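K.L.:
Give me the fold of what follows.
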Amino acid sequence: MNVNIPLKVLEHAFGIELPSYATDGSAGLDLRAAVSENTILKRFERKLIPAGVSIAIPPGYNGEIRSRSGLAYKNGIAVLNSPGTIDSDYRGELKVLLINFGNEDFLVERGMRIAQLVIQKYETISWNVVDSLDCTCRSDGGYGSTGVN
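P.N.:
Numbering: from 1, shown residues only. Below you'll find the model as predicted:
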């Protein structure tokens, strides 16, 4: 199913490619850095990098900003609050909170692919307050209760 989402290109992003799928099977659209000039991301530094677009996600959908696997593996660059959630009522510029976990400074260049955006359907819930919950084989076993093997 193809969902049509309005997108506004902001003035500081003119000339930068729109968010796009790298392949026909990609789930995420590549977001590009709409920085006015190349920016250094020092080791263990975090910066909010503009993507240069605003979008209108329809109700019942949200956006998630996720790390790009190649940047994470090769350079230690990740989306700090991954996934970053974009609610359907947000209309501001998409920005990516990048962090450098790598051993070297990282150059964020104008127009480079810095993260990916996945649009997905979600359900809202309502609470049903009860006195007890059904039992399961795990029950209230917490962290590590299922082992590692």
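
K.L.:
ranges for the strands of the chain?
P.N.:
For the chain, the strands defined by DSSP state E cover 7-9, 20-21, 29-32, 39-41, 46-55, 61-66, 77-79, 84-86, 93-100, 106-108, 113-121.

K.L.:
In TSV, list those along with mean neighbour count.
P.N.:
Yep, even glycine has a C-beta here, placed from its N, CA and C like the rest. Formatted as TSV, the strands of the chain follow (neighbours: other C-beta atoms under 10 Å):
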stretch	mean neighbour count
strand 7-9	13
strand 20-21	12
strand 29-32	22
strand 39-41	15
strand 46-55	19
strand 61-66	19
strand 77-79	22
strand 84-86	16
strand 93-100	20
strand 106-108	16
strand 113-121	19
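
K.L.:
can you tell which of those is closest to Asn128?
P.N.:
strand 113-121 (22.4 Å; C-beta to C-beta).

K.L.:
what's the offset of the closest one from the middle of its chain?
P.N.:
Centre-to-centre, strand 113-121 and its host chain are 5 Å apart (C-alpha atoms, centre = their mean, to the nearest Å).
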